[in-house]
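J.: Got a predicted structure here, sequence first:
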Amino acid sequence: MTAIRPEQLMSQTDIEIVVDDPTAPDENSPAVVGTGTIEIIVSIVLLLLAVTLGYDNWRTGASWDSTGPEPGYFPFYLCVVLAGGSLYGLVAALLARRAGGEPFITRAQARRVMAVFAPTLLFCLVTQFLGLYVASFLLIAGFMRLIGKIALWKSLLTAFLFTAIMFVTFDIAFDVIMPKGPLEAAFGF
Amino acid sequence: MEAFGLLVHGFAVLLTWKTLLLMMVGLVLGIFVGVLPGLGGPNGVAILLPLTFTMDPTSAIVMLSCIYWGALFGGAITSILFNIPGEAWSVATTFDGYPMAQQGRAAEALTAAFTSSFIGSLVAVLLITFLAPMISSFALKFGPPEFFAVYLLTFCSFVGLGREAKHKTVISMSLGLLLAGIGMDTVSGQLRMTFGSAELLRGINFLVAVIGLFGISEILLTMEERLALRGHAASISLRVVLSVWKDLPKYWVTLLRSSFIGCWLGITPGGAIAASFMGYNLAKRFAKDPQSFGKGRIEGVFAPETAAHASGTSALLPMLALGIPGSGTAAILLGGLMVWGLNPGPLLFVEHKDFVWGLIASMYLGNVVGLVLVLTTVPIFASILRVPFAAVAPMIVVSCAIGAYAIQNAMFDIWLMLGFGVVGYVFKKIGIPLAPFTLALVLGNRAEDAFRLSMIGAGGDLRVFWSNGLVGSITTLAILLLFWPIIDGLIRRVGLARGGASTSR
């Protein structure tokens, strides 16, 4: 069989679509935390949740009265099941830990994930105080410019167009009212 | 043929300009969602659901289901042209689809994918048309014990038949059921697990959770990957389409087998992902020359695509007939039904004929229109991938927030969505499946009500779940399925022991 280089194959179709990812996470980046550790943490959190909810349901009433099960009965036993499952998960993760595990996330990946998560968190905060549309404009423009390194005018234009389309679609055409802030109030909405 | 008459009625409901327009909009949005990385069928449907809140239920379901068909079609485009499966169920399509594109046969592969998707859906829709009314009229006789038994069967089959670690499925499901119970108890009116918070009084809305679990977490996951891509741009000419269609009858066995696999796995909670792999593997096993698979064989595209679509479509059967979704997307559509004020379950076929048959008719029409649409517009949709992810990601975040807020007009829900985004991200990374969680969250209250009503009716006697042949066999089957891995292991061990005994003799 003769080896065919990929470039030769590519040339058989007329146009080619190429998109680069300049900030792609480095593949050799060191791990921040192992999957095993996260599994242990999640199991403990779930166990605590099961105990808290279980206690609350037991207080509400988790036994039977004359008409059938009390309101807390069904959720109480679910808490027992959840606690059992997470306890099993905890033991399994602790045992598997000695064998060493694969990384949960590498440092480069964590940086990228935070690059999305932090702006999203800020977006939610801004939405609370300035309304959704202002927050949406800021998020899209800021994200495109600062993280995507896209030209400023493109970022601003895209953000404005998208926000405007959303406003017309939801608030005007479909009557789905979004949270608004001082800017919309100034325009009388 | 009562079903046929009702179907004609469904088409009459459908054939208005407004509905047809919504259908086109839904399909285009759906293909968009299917092509974009970081978005898929369930997230697309969940995010776009708020658009439909002010529509009448029939237009709403037509548009939403068309988004779903569109997403199913769209997933194949990126798999074949870029070797990037837009959806998990298109992974098997890349095995032979991408090699075909590399050999300059992209148009052929795309035509094969779209056509087989169409065939798979068609078989599943035929099944729905004739089977769903029968099942629902049978289910009309169900009382609370029967319903609880069916819910139990659904939950148990997830645990017993799922491929994930059992304790993780159990965790995911019990957590979903628990969160569904937060807020006002529907039977006694007492508050549960609210801890004095006024925001938790309303309970945790299913759709808010889904938008966070699938939308936000998917963006976080996508950002971890390298997002660079290179691929082929292809347009499909009529000549290629006709030549592929001319060869179709040769592959009828593959198409039929994959359709059956898909329908079966769609109705049971196996899902489109399992169906596509199974379709591919069986086509390979039954082929005369299995080693030619993976090098650009057209059957390798037919088999997984047919199965994935048959399964994605038939997942709507139990949702329509019994009110039990067969997939994540079906669960979201079910959530939609409740928002529009419909009560899912067998009564739907009696009380809302327009709605049900409009939906079924739209499955036929949506797939035909979708097929024509994708065949003609592939180049446009493939070039969407040129849009940098840095522009797409914030838009998805904004759409998610709009969706989450619109459901109950509550700022708290936006925060809840963010929280579920983190939960979904962590769960996916440590292998806790999200589908059982989604299903449990949407069915939780109904399952609990059914249980408590049966208990009240029977005076607290658990034997009510074995009180007649029907409910008894469903409950027994559920328990068998729950312990299926253990039973299966025992059967195998006995088989091995016997086999060992015979060889030693």
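T.: Nice, thanks for sending it over. Since this is a predicted model, take the numbers as computed values, not measurements.
J.: and stretch B:145-155 with chain A, contact?
T.: No - shown here: stretch B:145-155 not in contact with chain A (CB under 8 Å from any CB of the partner chain), separated by at least 10.9 Å. All C-beta atoms are positioned from the backbone trio N, CA, C, and that covers glycine.
J.: do stretch B:486-502 as well
T.: No - using CB under 8 Å from any CB, we find that stretch B:486-502 stays clear of chain A, coming within 15.1 Å at best.
J.: Of all the residues in that stretch, which ones are buried?
T.: Buried residues in stretch B:486-502, counted by 16 or more other CB atoms under 10 Å in any protein chain shown: none are found.
J.: And for stretch A:66-76?
T.: Going by 16+ other CB under 10 Å, stretch A:66-76 has these buried residues: A:Gly68, A:Pro69, A:Glu70, A:Pro71, A:Gly72, A:Tyr73, A:Phe74, A:Pro75, A:Phe76.
J.: Could I get the phi/psi values of the residue lying closest to A:Gly61 once chain neighbours are set aside?
T.: Distance criterion CB to CB, 6 or more residues apart in numbering or on different chains; nearest residue to A:Gly61, sequence neighbours excluded, is A:Glu70 at 3.6 Å. A:Glu70 adopts backbone torsions of phi -80, psi 170, taken as degrees, to the nearest 10.
J.: where do the strands sit along chain A?
T.: A:15-19, A:31-34, A:64-65, A:68-69, A:103-106 (DSSP state E).
J.: by contact count, what packs against the fourth one?
T.: So the one you mean is strand A:68-69. Packing contacts for strand A:68-69, counted by 3 or more CB pairs under 8 Å, 6 or more residues apart in numbering or on different chains; DSSP states H and E, involve helix B:435-458.
J.: wait, does the helix it packs on make contact with chain A?
T.: Yes - residues of helix B:435-458 contacting chain A under CB under 8 Å from any CB: B:Glu448, B:Phe451, B:Arg452, B:Met455, B:Ile456.
J.: and the first one, what does it touch?
T.: B:Glu448 makes contact with A:Phe74, B:Leu177, B:Ala180, B:Gly181, according to CB atoms under 8 Å, 6 or more residues apart in numbering or on different chains.
J.: related to what we said a few turns ago, now the strands of chain A in TSV, with mean pLDDT?
T.: Below are those laid out as TSV (pLDDT from 0 to 100):
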stretch	mean pLDDT
strand A:15-19	66
strand A:31-34	80
strand A:64-65	76
strand A:68-69	74
strand A:103-106	84
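J.: Any stretches of chain B with poor pLDDT?
T.: Within chain B, the stretches with pLDDT under 70 are B:1, B:37-38, B:40, B:86-87, B:228-229, B:233, B:269-271, B:499-505.
J.: tell me the strands in it, going along the chain?
T.: Using DSSP E, strands in chain B cover B:183-184, B:191-192, B:229-233.
J.: Buried subset of the residues of helix B:435-458 next to chain A, written for ChimeraX?
T.: With 16+ other CB under 10 Å as the criterion, this ChimeraX line picks the buried residues out of these:
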select /B:448,451,452,455
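J.: Give me the distance between the two termini of stretch B:211-227.
T.: Stretch B:211-227 has its terminal residues 23 Å apart, counting by CA to CA, to the nearest Å.
J.: near chain A, anything from that stretch?
T.: Yes - applying CB under 8 Å from any CB, one finds stretch B:211-227 in contact with chain A at B:Ile216, B:Ile219, B:Leu220, B:Met223, B:Glu224, B:Arg226, B:Leu227.
J.: quick one, what contacts the fifth one?
T.: It refers to B:Glu224. A:Pro25, A:Ile105, A:Gln109, A:Arg112, A:Val113.
J.: mind giving me the domain split of chain A?
T.: Here the domain assignment for chain A is A:32-105, A:106-186, based on automatic domain parsing.
J.: Any idea how many residues pack against the residue of the stretch 251-400 of chain B found nearest chain A?
T.: Relative to chain A, the nearest point of the stretch 251-400 of chain B is B:Ala390 (2.4 Å; CB to the nearest CB). The tally of other residues near B:Ala390 (other CB atoms under 10 Å in any protein chain shown) stands at 23.
J.: Ok, B:Lys246 next?
T.: 9.
J.: how much space between it and chain A?
T.: With distances taken as CB to the nearest CB, to the nearest Å, B:Lys246 is found 23 Å from chain A.
J.: That residue: what's it in contact with?
T.: Contacts of B:Lys246 (CB under 8 Å, 6+ apart): none.
J.: Would you check how far apart it and B:Arg297 are?
T.: Separation of B:Lys246 from B:Arg297 (CB to CB, to the nearest Å): 17 Å.
J.: Any idea how many residues pack against the closest residue to A:Ala141 other than its chain neighbours?
T.: Excluding the flanking residues, the one nearest A:Ala141 by CB to CB, 6+ apart is A:Ala159, at 3.8 Å. When neighbours are counted by other CB under 10 Å, A:Ala159 registers 24.
J.: need the longest helix for chain B.
T.: Among the segments of chain B that qualify as a helix by DSSP state H, the longest is helix B:106-139.
J.: what number of residues lie near the residue in chain A positioned nearest to chain B?
T.: Across chain A, no residue is closer to chain B than A:Gly148, which sits at 2.4 Å (CB to the nearest CB). Using other CB under 10 Å, A:Gly148 is surrounded by 20 other residues.
J.: In contact with it: list those residues for me.
T.: If you count contacts by CB under 8 Å, 6+ apart, then A:Gly148 has A:Ser155, B:Pro388, B:Phe389, B:Ala390, B:Ala391 around it.
J.: Now do the residue positioned nearest the centre of chain A against A:Gln109, distance only.
T.: Centroid-nearest residue in chain A, with CA atoms, centre = their mean: A:Phe117, separated by 7.1 Å. Here the distance between A:Phe117 and A:Gln109 works out to 12 Å (CB to CB).
J.: Spit out the residues that contact the two alike.
T.: Residues touching both A:Phe117 and A:Gln109 (CB under 8 Å, 6+ apart): none.
J.: what comes up buried for the lengthiest helix in chain A?
T.: Secondary structure of chain A per DSSP H: the longest helix is helix A:35-61. Buried residues in helix A:35-61, counting neighbours by 16+ other CB under 10 Å, are found at A:35-43, A:46-47, A:49-50, A:53-54, A:56-57, A:60-61.
J.: what's the answer for stretch B:140-158, then?
T.: Quick answer for stretch B:140-158 (16+ other CB under 10 Å): B:142, B:144-158.
J.: contact partners of it?
T.: Residues contacting stretch B:140-158 (CB under 8 Å, 6+ apart): B:139, B:169, B:173, B:268-269, B:322, B:324, B:346-347, B:350, B:435-436, B:439-440, B:443, B:446-447, B:449-451, B:453-454, B:457-458, B:464-465, B:467, B:470-471, B:474-475, B:477-479, B:481-482.
J.: just the buried members of those residues?
T.: Taking 16+ other CB under 10 Å as the criterion, what is buried in these is B:139, B:169, B:173, B:268-269, B:322, B:324, B:346, B:435-436, B:439-440, B:443, B:446-447, B:449-451, B:453-454, B:458, B:464-465, B:467, B:471, B:474-475, B:478, B:481-482.
J.: correct me, but B:Val62 touches B:Leu21?
T.: No - the criterion here is CB atoms under 8 Å, and B:Val62 misses it with B:Leu21 at 10.3 Å.
J.: More neighbours: which of those two?
T.: More crowded of B:Val62 and B:Leu21, by other CB under 10 Å: B:Val62, with 28 against 12.
J.: got the contact list for that one?
T.: Contacts for B:Val62 (CB under 8 Å, 6+ apart) come out as B:Leu14, B:Thr19, B:Leu22, B:Met23, B:Gly26, B:Gly358, B:Leu359, B:Ser362, B:Gly366.
J.: Name the nearest residue to the third one, sequence neighbours excluded.
T.: Taking CB to CB, 6+ apart as the measure, B:Leu22 lies nearest to B:Met63, with 4.4 Å between them; neighbours along the chain are not counted.
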